[in-house]
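1. Quick check, what structure comes out for this input:
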Amino acid sequence: KGYACFLSHYKAECASTARLLHGHLQDILGVDVFLDSSNLSDLRLLFEEGLYKSDVIVLLLTAEYLTRPWCLLEVWEAHRKSIPVLPLVITPVHGQRGFDEAEVRAWLAALEMQLDQSALSVIETHLAAQDPPVSMHEFKAALSHSIGRASTHLAEGDGDGGAYGGGGGGRRPY
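-> A predicted model of the protein is given here:
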């Protein structure tokens, strides 16, 4: 595979944390990490050129992550291809609302009512194009399984090396 991990995130909430984590992982571990803003010029190639070539997908879970159709499809495609999922809850700063682990299953159960029509259309089109087509029920079950077990927390914008590691003593090559 081409990448140690694929960073899945909602840019409006987590772009700086994703870039920081991307840099730290590459520097500390000496491996390639996929971040769409650094590694992709055509969104249509997101799965083939990024996710499918990654050993693991890291979900950077923020308040609005579940509202983003491409984020949800990244989780689905990881499930479909048996790519391990590592969900990380990004702790908000400055009084922002964060990802609510307690609400995940209820939110996903009502996904069709939670998403706007445009986002829902992107997902439905993708699922219908699968061979065989995938039901919304199966899609939601996969998301619930993958996202519903989040437990690791990182602080948004934590640039002091704390949560992401720092020094290099005792590092093992990937």
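2. Where do the helices of this structure begin and end?
-> Secondary structure of the chain, counting by DSSP state H: helices at 11-29, 36-39, 46-49, 69-80, 104-109, 111-114, 117-128, 136-147.
3. what comes up buried for the fifth one?
-> By neighbour count, and taking 16 or more other Cβ atoms under 10 Å as the criterion, the buried residues in helix 104-109 are 104, 107, 108. In short, each C-beta sits where N, CA and C put it, glycine included.
4. ok, so of the residues you listed, who is nearest residue 136?
-> For the buried residues of helix 104-109, the minimum distance to residue 136 (Cβ to Cβ) is 10.4 Å, reached by residue 108.
5. Just say which of the helices of the chain is most tucked in.
-> helix 69-80 (a mean of 21; mean count of other Cβ atoms under 10 Å).
6. Please identify which of the helices of the chain is closest to residue 96.
-> The nearest among these, by Cβ to Cβ, is helix 11-29 at 8.2 Å.
7. For the helices of the chain, could you give me a markdown table that also reports mean pLDDT and distance to residue 88?
-> As requested, those are exported to a markdown table (pLDDT from 0 to 100; distance: least, Cβ to Cβ, whole Å):
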| stretch | mean pLDDT | distance to residue 88 |
| --- | --- | --- |
| helix 11-29 | 93 | 9 |
| helix 36-39 | 76 | 17 |
| helix 46-49 | 90 | 20 |
| helix 69-80 | 96 | 13 |
| helix 104-109 | 87 | 14 |
| helix 111-114 | 94 | 21 |
| helix 117-128 | 96 | 22 |
| helix 136-147 | 93 | 11 |
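8. Let's have those helices in JSON lines, adding distance to residue 96.
-> Output for the helices of the chain, formatted as JSON lines (distance: least, Cβ to Cβ, whole Å):
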{"stretch": "helix 11-29", "distance to residue 96": "8"}
{"stretch": "helix 36-39", "distance to residue 96": "21"}
{"stretch": "helix 46-49", "distance to residue 96": "27"}
{"stretch": "helix 69-80", "distance to residue 96": "18"}
{"stretch": "helix 104-109", "distance to residue 96": "18"}
{"stretch": "helix 111-114", "distance to residue 96": "20"}
{"stretch": "helix 117-128", "distance to residue 96": "21"}
{"stretch": "helix 136-147", "distance to residue 96": "19"}
